[in-house]
Every structure is written in structure tokens, then in C-alpha cells.
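Undergrad: any chance you could fold what I've pasted below:
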Amino acid sequence: MKVRPKKDTAADAKKIIKLIDGFGFSSGYNFLRDSLKLDLFNIYLRTTLFEKISITANTVLDPYQTNQNGVDIDKYAWEGGKFKLGRLTYGSISVSTNFKSKPKDAKKEELRKKQQELAMQDPNLAADQQQLLNYKDQNPSEFVDFNIPWQVNVGLSISFVNRLKADLTGFEKDFTSNMNFSGSFNLTPKWNFSVSGYYDFDGKNLQMFQMGISRDMHCWQMSIDVTPVGLYKFFSFSISPKASVLQDLRINRTRSFPNF
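TA: Below you'll find the model as predicted:
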């Protein structure tokens, strides 16, 4: 969708706003099965609102009808006069947002984003880059961006599973909801403090809480992490190179405290 920027008075000035960042549909058909050859329908949608709020929705549909005991039968859901793509078996929606200060060096931040985009576009590097991004999400203090003085991230997630009742009289939805959060700020130009956590709304408890402090050592970075809350309580110390291609050279020492 195209809109006119408020600050631009030029007649032909237009700003493009993406309504949908991603949409996907997948399924399969197994010709070798005796029955129920069509696989589940998987649908996902990803969008961004106001350039700040990311929304991701997923759903799974069963294309078959069920008998009185809730077992799939070889009859499509849309048969029988009513249009129905499938039976809803799973659904989830995640909403996340982040707030951060302006980078101290705007050119350096722009270069970092371009390098990351190029790496993700390269099919030979995409898998490794995605694996590295997942590791960064799980170990934020090891990859502190000292160019960003402070930042805060918050995410909410709600999901459900359509389960068969114990008495086989129908289905019931089992809901789960949680929130994850993280934040960091520079104590000094070379020292950074960070926290992250995970809260379970169903259990009404803090499932995980982690604190970390990091030191910028030019081409290297030192980090100390403590996780006093959660199923796995531990203390870790690591020194790792900043270059992603040299991440295997990092030194990591971890000690667990199961009874802490």
C-alpha cells in the first residue's frame, strides 16, 4: 500500500507500506497410503504494524471429518454441502516489539544490517546464519552491540491445541500463554548489563530469569551470565571473537547448580 509521507510535500512522493511480510501454506499428499492420503494444512502469516509491532500467526487444519469417537475418517471436511477448509487443530499468535536508542555510530549500524542481510540472502550461508541468530537469542550477553546504548524487547504468545476429550464426547481447546522479555544498557562505553526472562501465565510463575554482564575487548568480547531462576540454574563465563566466522574459537566455561 502506498501513502504520502507527512513530511514530504512533493507531488510524487510516496511511501510504500507492507501489509503482509510473509504468508505461507503447505500440505502434502501420500499416494502410497490406503486412506487419509492428504496431510494436514499448515498456514502462517507474518506482518508488522507501525514498523514496531511484529505479529506472527500459525494454524493447522485437519482436512478430514471425524467419527463419533473423534477419529479421522476418509471423508474430507468440505464434503456435505458446507464449505470448510478443515478442522482447526492448532493455532498460535505471537506479538513482539522492541525499543532501542539510536546507535552511537549510524554508519556502523547500517553496515552491520547490510552484512547480515547479504549473509541471509546467500543460500550457502543462510542455514549457518539462522543457526547463529538462534544461538544469539539464547545467549544475548555473548553478542552485545555496544553501538546501541540501550534496548528493550517484549514478546507475548498465545497458543491452543484442540484435544480429544477423555470421554470421547468431543474436542476441547487447551490454551497456553507466556511472555518473554529482555533488555540491556551500557554501564560504560565498554561495559554492558543485560537481563532476560520468561513468564508463564498459566503457571503464574517466572520460568526463567538470566542476568549478564559483558566487556568489550576490541576484537573479542567477555561475558558472565548467571541464571538463578528456572529449571536449569547455571553460571557461565565466556570469551568469544566478534566476527561470526570465528565463533568456534570461543572459550566457554559453565557450571550448573541443580539444587540451588
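
Undergrad: pLDDT weak spots in this protein?
TA: 1-17, 112-113, 115-143, 244-245, 247, 258-260 (pLDDT under 70).

Undergrad: need the contact list for Pro103.
TA: 109, 147-148 (C-beta atoms under 8 Å, 6 or more residues apart in numbering). Every residue, glycine included, has its C-beta placed from N, CA and C.

Undergrad: the residues you listed, buried ones only, as a PyMOL selection?
TA: Command for PyMOL that selects the buried part of these, burial taken from 16 or more other C-beta atoms under 10 Å:
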select buried, resi 148
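
Undergrad: tell me which entries of the contacts of Pro103 lie within helices.
TA: Among the contacts of Pro103, the members falling in helices (DSSP state H) are Glu109.

Undergrad: out of the contacts of Pro103, who's nearest Gln68?
TA: The closest of those to Gln68 turns out to be Ile148 (C-beta to C-beta; 58.3 Å).

Undergrad: show me the helices in this structure, by range?
TA: With DSSP H as the criterion, the chain has helices spanning 106-121, 126-138.

Undergrad: please name the nearest non-neighbouring residue to Ser101.
TA: Pro149 (4.6 Å; C-beta to C-beta, 6 or more residues apart in numbering).

Undergrad: count the residues that sit near that neighbour.
TA: 16 (other C-beta atoms under 10 Å).

Undergrad: could you shift the numbering so residue one becomes 607, and keep it that way?
TA: Sounds good: first residue 607 from here, last item Pro755.

Undergrad: report the contact partners of it.
TA: 707, 710, 791-792.

Undergrad: which of the residues you listed are buried?
TA: Listed as buried from the contacts of Pro755 are Asn792; burial here means 16+ other C-beta under 10 Å.
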